[in-house]
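# Here is my input, please return the structure:
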Amino acid sequence: MANFFSTQLTALNAAPPTKVKVNQLHGRVRYALGLWPATASAPQIADFLYMVRVPVGARILGHLSQLAWFTGTALETLTVGDTASTARHLAATAATTAGNAIPQAVTGATGAIGFETTDGTLASGVPSATNNCDIGCLVAGAAVAVTQLIALHMAYVQD
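Residues are numbered from 1 along each chain as shown. As a prediction, the model looks like this:
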């Protein structure tokens, strides 16, 4: 019987061992929660809801994260992304009825999952065009319902 090792264990078994990224082994998971309250003014088509800010160097764990929402308006869609790429973590998803979605995108040709933030620049408190640390939702299709609660639970590691 043959033994086979994952990429991560192969790195640890090497002489000398190669460091494995924290989103793959022994990272401490942290959560950032962003809530858009049902009592807030209703964002319109093409508005961006900034939901959470994660530190530079954070590795997003989309498979442990979740975008959840109450019933919205007809044709309403939401993405999850940042200023540099508004659908980086989740493509346009219908938010017409209450539901949730996992904001995870495969980001490498090898099937690697995750994204490392590199730019948290702000201009007068507003994220710059290259900022990928301020994560939120782009509204499309129709305006957000005045009574709609939107919650983004974003998991990440940074060690």
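# tell me the SS of Met51?
Judged by DSSP: H, G, I helix; E, B strand; the rest coil, the three-state class of Met51 is strand.
# Hmm, I typed the wrong one, I wanted Val22.
Counting by three-state DSSP, the backbone at Val22 sits in coil.
# which residues sit in contact with it?
Contacts of Val22 were listed using C-beta atoms under 8 Å, 6 or more residues apart in numbering, and they are Arg28, Arg59, Val157, Gln158, Asp159. In this view, the C-beta of every residue, glycine as well, is placed from N, C-alpha and C.
# what about it, distance to Val157?
Distance from Val22 to Val157, counting by C-beta to C-beta, to the nearest Å: 5 Å.
# list residues touching both of the two?
With C-beta under 8 Å, 6+ apart, Val22 and Val157 have common neighbours Arg28, Arg59.
# residues near the closest residue to Gly62 other than its chain neighbours, how many?
In space, and not counting its chain neighbours, Gly62 is closest to Gln104: 2.9 Å by C-beta to C-beta, 6 or more residues apart in numbering. Residues lying near Gln104 (other C-beta atoms under 10 Å) number 19.
# does Gln104 really touch His89, like I thought?
Yes. Assessed by C-beta atoms under 8 Å, Gln104 is found in contact with His89 at 6.9 Å.
# Can you work out which residues contact both of the two?
Counting by C-beta under 8 Å, 6+ apart, the contacts common to Gln104 and His89 are Gly62, Ser65.
# Perfect, I'm done here.
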